[in-house]
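*Asks:* Fold the following for me, if possible:
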Amino acid sequence: MNQTPSPLTDTFGRHHNYLRISLTERCNLRCSYCMPVDGVKLSPASHLMNAEEIYSIARTFVKFGVDKIRLTGGEPLVRKDFPQILELLSTLNVELSITSNAVSIDRHIDLLKKSGVKTINISLDTLSAERFHTITFRDYFDRVYQNILKLIDEGFLVKINAVLMRGINDDEILDFIAFTKAHPIVFRFIEFMPFDGNQWKREKTVSYQEIMEQIQGKYSNDQIIRLQDAPNDTSKNYTIKGHQGTFAIISTVTHPFCDQCNRIRLTANGQLKNCLFSKKENDLLSALRSNQDIEPIIRQSISSKFAVRSGMDGPESFEDPKQHEQNRSMITIGG
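*Replies:* All right, here's what the predicted structure looks like:
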């Protein structure tokens with residue numbers, strides 16, 4: 001009699017059912033918090049997972065209880081075989097979603113619908129075309145904005161992710177909130193986090209408390225409604241009375257949410273990361289290509305996971321630049 005494989009559980013009792021797969025290290029934008037100013041050394045094409053390898057690894061994770069897969073990048077839509085990858089993964093019994101910058105997503109709407117994708121996260125850090133160019137070094141704001149409206153019209157649940165950076169876009173918090181009045185979207189403020197090459201400093205981070213203080217300065221306590229967070233949610237969720245959409249805050253820096261973490265990350269070159277901030281990686285791709293069983297590698301990675309932010313549980317260790325120089329840049333991890 002076949003036994004159901006045991007779920008992927010770490011030593012702190014956290015079950016991991018959410019796999020985030022980075023499809024590429026490339027992107028058609030150049031956001032400084034993600035892409036180092038001098039760029040990144042790209043992996044040779046032969047070192048990246050192909051479509052069949054992505055499917056094979058994902059299928060193994062599904063066997064161990066993963067029921068949610070998000071495709072990230074870089075920008076996942078720049079991969080020429082993105083349609084093939086999505087079609088393969090859509091055959092698995094999982095909730096499929098994607099994170100994109102929306103520059104070219106209008107070309108894939110029919111494919112996304114056909115593949116059962118219902119939720120799309122869009123990275124957009126400003127509602128100003130001029131500032132968009134300053135942040136991304138590209139003039140795609142109008143295209144991105146119109147594509148967001150098109151996704152809403154097509155019935156997708158759209159979540160907009162905005163990384164707040166002091167002196168860059170923190171003066172737009174109330175503009176972002178106003179955007180939720182007319183649009184049924186989720187606007188998520190993300191605290192600026194440290195990664196290799198993004199020149200992070202603590203003072204650049206706009207905290208959860210500061211975000212709420214700005215909102216509370218505009219709206220009364222009766223107007224700000226605290227919503228029920230979903231299980232394993234990384235964000236604290238709210239809405240403004242009378243608004244169609246909602247807003248949320250992801251407070252990785254000031255209020256870590258590691259105790260409920262259910263996420264595992266697979267980089268485009270097949271390395272397993274058990275935490276966004278982990279410096280240690282486990283090579284699944286080489287094992288797969290050598291016809292090795294990848295289950296022991298996966299379970300060893302999960303069992304070695306730290307309780308909080310890859311062991312950086314205090315502000316001193318988390319704010320030490322050397323800790324993050326040993327990690328990847330955000331673009332090569334996947335958002």
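*Asks:* My impression was that residue 113 belongs to a helix - is that right?
*Replies:* Yes. Residue 113: assigned to a helix according to DSSP: H, G, I helix; E, B strand; the rest coil.
*Asks:* Need the nearest residue in space to it, chain neighbours excluded.
*Replies:* Distances taken as Cβ to Cβ, 6 or more residues apart in numbering put residue 154 closest to residue 113, at 7.3 Å, once the chain neighbours are dropped. Heads up, the C-betas are built off the backbone N, CA and C, glycines and all.
*Asks:* Report pLDDT for the one you found.
*Replies:* Residue 154 is assigned a predicted lDDT (pLDDT) of 98.
*Asks:* same check, this time on the one 10 residues further on
*Replies:* Residue 164 carries a pLDDT value of 96.
*Asks:* before we move on, the earlier item: does the residue nearest to residue 113 touch residue 110 like I think?
*Replies:* No. Counting by Cβ atoms under 8 Å, residue 154 does not reach residue 110; the two are 9.4 Å apart.
*Asks:* Please identify which of those two sits among more neighbours.
*Replies:* residue 154 (14 against 9; other Cβ atoms under 10 Å).
*Asks:* So what's the model's average confidence on the helix or strand hosting residue 19?
*Replies:* Element membership of residue 19, judged by DSSP states H and E, is strand 18-22. Strand 18-22 shows a mean pLDDT of 98.
*Asks:* List the pairing partners of it within its sheet, with orientation.
*Replies:* Using DSSP bridges, the strands paired with strand 18-22 in its sheet are strand 68-72 (parallel), strand 263-266 (parallel).
*Asks:* For residue 255, find the nearest of the ones you listed.
*Replies:* Residue 255 sits nearest to strand 263-266 of all the strands paired with strand 18-22, at 16.9 Å, using Cβ to Cβ.
*Asks:* next structured bit after that closest one?
*Replies:* Reading on from strand 263-266 to the C-terminus, the next helix or strand found by DSSP H and E is strand 271-273.
*Asks:* surely residue 68 meets residue 89?
*Replies:* No. Residue 68 is beyond contact range of residue 89, at 11.4 Å (criterion: Cβ under 8 Å).
*Asks:* Looking at these two, which is more packed in?
*Replies:* Shown here are residue 68 and residue 89; by other Cβ under 10 Å, residue 89 has more neighbours (22 against 17).
*Asks:* Could you pull up phi and psi at that one?
*Replies:* phi -70, psi -30 (degrees, to the nearest 10).
*Asks:* circling back to that earlier point, if we go by neighbour counts, what in the helix or strand that the strand holding residue 19 is followed by is buried?
*Replies:* The helix or strand immediately downstream of strand 18-22 is helix 51-63, counting by DSSP H and E. For helix 51-63, the neighbour count (16 or more other Cβ atoms under 10 Å) marks 51, 54, 55, 57, 58, 60, 61, 62 as buried.
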